[in-house]
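A.B. asks: Fold the following, please.
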Amino acid sequence: MVQRVPNYCPQCGTAVEPRTFEGRERRYCPSCERFVFRNAAPCGGVAVVDGDAEALLLVERAVPPGDGEWAFPGGHLEADEPPSVGAARELEEETGVTVDPDDLLLADVRQLDPFDGKYVVSIRYAVARSTTSGVPEVGSDAETAEFVPVEEIRRGSRPLRPHVRPQLDAILDALRDS
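C.D. replies: Model prediction:
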């Protein structure tokens, strides 16, 4: 299994060829006699909500995809960690803010638009700022980390990653419903 369209078999290195299977065109290795399936990468992240839904912690990305755009802290999940644990780890790595994974509320799950042929499934959690500890500091992958007013996010006053505004209401609803 791979995340981008393969040209070669990840097992033996043979050039793969297109072949229809289960009604879809897939890549097939004639040497291994098997299909090479593509899978979306699972990513997890945390939206930290400050006050009475007044502001959310965002990071300005320092690396592609979306360098220079603002997003919720998050990133790729490791193979051996539950999504909430990975999301909490990403929050700490990118902002220095810590949270107990058991305090996270599932807010949104969606497949994001592909970037450079790679698909991502975003698992977004929400948590109240009062449940976290630490002061936002720039960490890995981030240029800036700060609380941004919700109304500023809604207006799009900053360049935002495409998934930020569509996830906003789900995040706020998750905290209201808890």
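A.B. asks: Using the record's assignment, carve this structure into domains.
C.D. replies: Following automatic domain parsing, one gets these domains for the chain: 1-39, 41-176.
A.B. asks: out of those, deepest packed?
C.D. replies: Looking across those with neighbours counted as mean count of other CB atoms under 10 Å, the highest average goes to domain 41-176: a mean of 18. Where C-beta positions appear, they are placed from N, C-alpha and C, glycine not excepted.
A.B. asks: Endpoint to endpoint, that domain covers what distance?
C.D. replies: Terminal residues of domain 41-176 are spaced 29 Å apart (CA to CA, to the nearest Å).
A.B. asks: could you pull out the helices for this structure?
C.D. replies: Assigned by DSSP state H, the chain shows helices spanning 83-95, 150-155, 164-176.
A.B. asks: tell me what the last one is packed against?
C.D. replies: Applying 3 or more CB pairs under 8 Å, 6 or more residues apart in numbering; DSSP states H and E, we find helix 164-176 packed against strand 41-50, strand 55-61, strand 105-115, strand 118-128, helix 150-155.
A.B. asks: go on, the second one?
C.D. replies: Counting contacts by 3+ CB pairs under 8 Å, 6+ apart, helix 150-155 packs against strand 55-61, helix 164-176.
A.B. asks: per-residue confidence averaged over the shortest one?
C.D. replies: Read that as strand 55-61. For strand 55-61, mean pLDDT is 96.
A.B. asks: Tell me which strands it pairs with, and in which orientation.
C.D. replies: Applying DSSP bridges to the sheet, strand 55-61 is found paired with strand 41-50 (antiparallel), strand 70-71 (antiparallel), strand 142-149 (antiparallel).
A.B. asks: Pull up the per-residue confidence for Pro114.
C.D. replies: For Pro114, the pLDDT comes out at 86.
A.B. asks: quick one on the thing from earlier: considering the helices of the chain, which stretch scores lowest in mean pLDDT?
C.D. replies: Of all the helices of the chain, the minimum mean pLDDT falls on helix 164-176 (a mean of 91).
A.B. asks: quick one: contacts of it?
C.D. replies: 47, 49, 53, 56, 58, 70-72, 105-108, 110, 122, 124, 126-128, 150, 153-154, 156 (CB atoms under 8 Å, 6 or more residues apart in numbering).
A.B. asks: Against the centre of this protein, work out the most remote residue.
C.D. replies: For the chain, the largest distance from the centre (CA atoms, centre = their mean) belongs to Ser31, which lies 35.4 Å off.
A.B. asks: Now it. Its backbone dihedrals?
C.D. replies: Here is the backbone geometry of Ser31 (degrees, to the nearest 10): phi -70, psi -50.
A.B. asks: Perfect, that will be all.
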